[in-house]
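Colleague: from the sequence below, what's the structure:
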Amino acid sequence: MIAPTRSATRLQKQLPASRIGGRSGCAKLVAALRRDGVEVRPSGSLDFHDPWGNNVQVVDYREIQFTKTPAVLQGMGFDELKKSERALTELRDKGLAG
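Modeller: As a prediction, the model looks like this:
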């Protein structure tokens, strides 16, 4: 899991995008975080603080308006992830998607 170290650099403290694997993956993540003593808020969403005090919120990439270029997604190994129609409509309404 996430564990602080004295030698952690600023870059190492940044959290990368990670694939969780649906609801079962989220349930496993919550169980692992709780085993490690991390408080996971019972808010209906998956929020917790990392060892450096950052608030981490796990979200479904397909449902948020934030987007990455196809090249970036491919470089991250996430090129098969597609936005939901709802998220695409919201982006189009704001002139942010073709």
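
Colleague: in which helix or strand does the closest residue to Ser45 other than its chain neighbours reside?
Modeller: Setting aside the residues directly before and after it, Ser45 is nearest to Gln57 in space (CB to CB, 6 or more residues apart in numbering), at 6.4 Å. From N, CA and C alone the C-beta is placed, and that goes for glycine too. Per DSSP states H and E, Gln57 falls inside strand 55-58.

Colleague: from start to finish, how long is stretch 81-90 in a straight line?
Modeller: End-to-end distance of stretch 81-90 (CA to CA, to the nearest Å): 17 Å.

Colleague: show me the domain layout of the protein.
Modeller: As given by automatic domain parsing, the domain ranges for the chain are 17-58, 61-98.

Colleague: tell me what the helix ranked longest in the chain is packed against?
Modeller: With secondary structure taken from DSSP state H, the chain has its longest helix at helix 22-35. The contact analysis (3 or more CB pairs under 8 Å, 6 or more residues apart in numbering; DSSP states H and E) places helix 22-35 against strand 46-49.

Colleague: show residues contacting the strand it packs on.
Modeller: By CB atoms under 8 Å, 6 or more residues apart in numbering, the surrounding residues in contact with strand 46-49 are Cys26, Leu29, Val30, Leu33, Val38, Glu39, Val40, Arg41, Asn55, Val56, Gln57, Val58.

Colleague: among these, which two are most distant?
Modeller: Greatest spacing in the contacts of strand 46-49, by CB to CB: Cys26 and Asn55 (16.9 Å).
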